[in-house]
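S.K.: what follows is a predicted structure for the sequence shown.
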Amino acid sequence: MATRRSAAGADPIFRRLSAHAPEHYRRWVRAGIVATSASYAIAFVSIQLEQPWSAQPHPRELYVVFAGLVAAWLEREGRTRAAARLVLAAIWLELHATLLTLGARAAVGGVFPAILAGVVLFFGARAGTFVALSSLLSVPCAVLAGPWLGLGPGLGPGDLLYLVAIEACTLGITFLLRQMMRTLDGVLNNAEQDARRLRELIDGAPDAIVVVNEAGTIEDCNPSAELLFLRQRAELVGARFVDLGLSFANGPRRGEPVESRESNIVEVNPKDKFAPSAPSAITLAATPTTISIFFATNPEKDVAGYRIYRSEDPNLDKAKWQLLNTNLLTTNTFQDSKVQSGKTYYYFLTATDKAGNVSGASDVVSESVP
């Protein structure tokens, strides 16, 4: 009952994630536990390499590593939220103990945003905002309480600016994370609406619909499938599809396989509708009586031939240019002998395939007759 009340009071985004994607939520918590334990273990080893054990205060890093191990055990037992609370609480306590005994500079600045990110991801934006605002009071109080309790140096020169920068960064990250979670909440809300619409369409379909996974196990069905298989949804979900078999809805032959009638015969006639590319690499050579045209053979295998068009006016509509060859040209050369000395002639080519598809016009080329 306690878990149910807590989940009901949580952020909508956190409630959706923990309820609809529990495995992903567990991965988040598991990653946080591993990152925390590993980072604090590395920090502990680094401290041991710098100074002897006898000169060190209580090994707070080891306490966090131990809390991480306990949190890992809780996560394996299925108590994911308790594991998240434990590891975040351990980091929070270690941070404030460091501020209390060693002062502001001893606390790593990146720990503040890390705690905040963990709270937002594990417990929602509301909890993250509460932690960020409460740190405005708890962090300076922990620093100032050090000399009052005789445990730490308190606030040193430049520490106030350092704390203000850390708190400002923490509040900024809080705002960004809130916006991110709000966007994710909208995405999940749209996904839930789409899922409801799809559910309504499936349930209202007159035909039987059965969702089968790769293993052949039924994962979902609609009411029409219940009527077809004469079983309730609870009986169908989890059953193997091959073990069901279709059956008559009424009659004594329950369980007897049924084959549908043949579908209509559809005749398909494939037709090539793809035109070849336009001819390219066109060159001209002129003599006083002839202009010779040379061009590259098209790469398409089904090209039937080429047509050559001529005009003395390059601005004339191409539909009005003179066609020089009535029959398709099957070679890549052509001799235009109907020319006059001193005139300039313009040409373009098209390619036609065996299905009758005509390419676009090639580039216009010109040559003057000497």
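M.R.: The structure has been received and is ready for your questions.

S.K.: now do the contacts for Ala208.
M.R.: Neighbouring residues of Ala208 by Cβ atoms under 8 Å, 6 or more residues apart in numbering: Cys221, Asn222, Ser224, Ala225, Leu227, Leu228, Phe229. All C-beta atoms are positioned from the backbone trio N, CA, C, and that covers glycine.

S.K.: next one: it from Asp243, what distance?
M.R.: Using Cβ to Cβ, to the nearest Å, Ala208 is found at 16 Å from Asp243.

S.K.: about what we covered before: in strands only, show me the contacts of Ala208.
M.R.: Cys221 (DSSP state E).

S.K.: unless I'm mixing things up, His96 is touching Ala145, no?
M.R.: No. At 9.5 Å, His96 does not count as touching Ala145 under the criterion of Cβ atoms under 8 Å.

S.K.: neighbour count winner among the two?
M.R.: A count of neighbours by other Cβ atoms under 10 Å puts His96 above the other of His96 and Ala145, at 18 against 15.

S.K.: where are the low-confidence patches of the stretch 151-300 of the chain?
M.R.: By pLDDT under 70, the low-scoring segments of the stretch 151-300 of the chain are 245-261.

S.K.: now do the helices in it.
M.R.: Per DSSP state H, counting those that start in this stretch, the stretch 151-300 of the chain carries helices over the ranges 159-204, 223-229, 233-236.

S.K.: in JSON lines: those, plus mean neighbour count.
M.R.: Below are those laid out as JSON lines (neighbours: other Cβ atoms under 10 Å):
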{"stretch": "helix 159-204", "mean neighbour count": "14"}
{"stretch": "helix 223-229", "mean neighbour count": "18"}
{"stretch": "helix 233-236", "mean neighbour count": "14"}
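
S.K.: bridging residues for the closest residue to Val237 other than its chain neighbours?
M.R.: Nearest non-adjacent residue to Val237, counting by Cβ to Cβ, 6 or more residues apart in numbering: Ile218, 5.7 Å away. Note on Ile218: beta-bridge partners by DSSP bridges are Val212.

S.K.: show me what contacts Ile218?
M.R.: Contacts for Ile218 (Cβ under 8 Å, 6+ apart) come out as Val210, Val211, Val212, Leu236, Val237, Gly238, Ala239, Arg240, Phe241, Leu244.

S.K.: where does the nearest residue to Leu329 once chain neighbours are set aside fall, helix, sheet strand or coil?
M.R.: By the measure of Cβ to Cβ, 6+ apart, the closest residue to Leu329 outside its immediate chain neighbours is Tyr306, 4.5 Å from it. Using DSSP: H, G, I helix; E, B strand; the rest coil, the structure places Tyr306 in strand.

S.K.: name only those of the contacts of Ile218 that count as buried.
M.R.: For the contacts of Ile218, a burial check counting by 16 or more other Cβ atoms under 10 Å picks out Val210, Leu236, Ala239, Phe241, Leu244.

S.K.: so can I have JSON lines of the contacts of Ile218 showing distance to Asn298?
M.R.: Output for these, formatted as JSON lines (distance: Cβ to Cβ, whole Å):
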{"residue": "Val210", "distance to Asn298": "52"}
{"residue": "Val211", "distance to Asn298": "51"}
{"residue": "Val212", "distance to Asn298": "50"}
{"residue": "Leu236", "distance to Asn298": "59"}
{"residue": "Val237", "distance to Asn298": "60"}
{"residue": "Gly238", "distance to Asn298": "61"}
{"residue": "Ala239", "distance to Asn298": "60"}
{"residue": "Arg240", "distance to Asn298": "57"}
{"residue": "Phe241", "distance to Asn298": "53"}
{"residue": "Leu244", "distance to Asn298": "58"}
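
S.K.: of the residues you listed, just say which sits nearest to Arg197.
M.R.: Val211 (16.3 Å; Cβ to Cβ).
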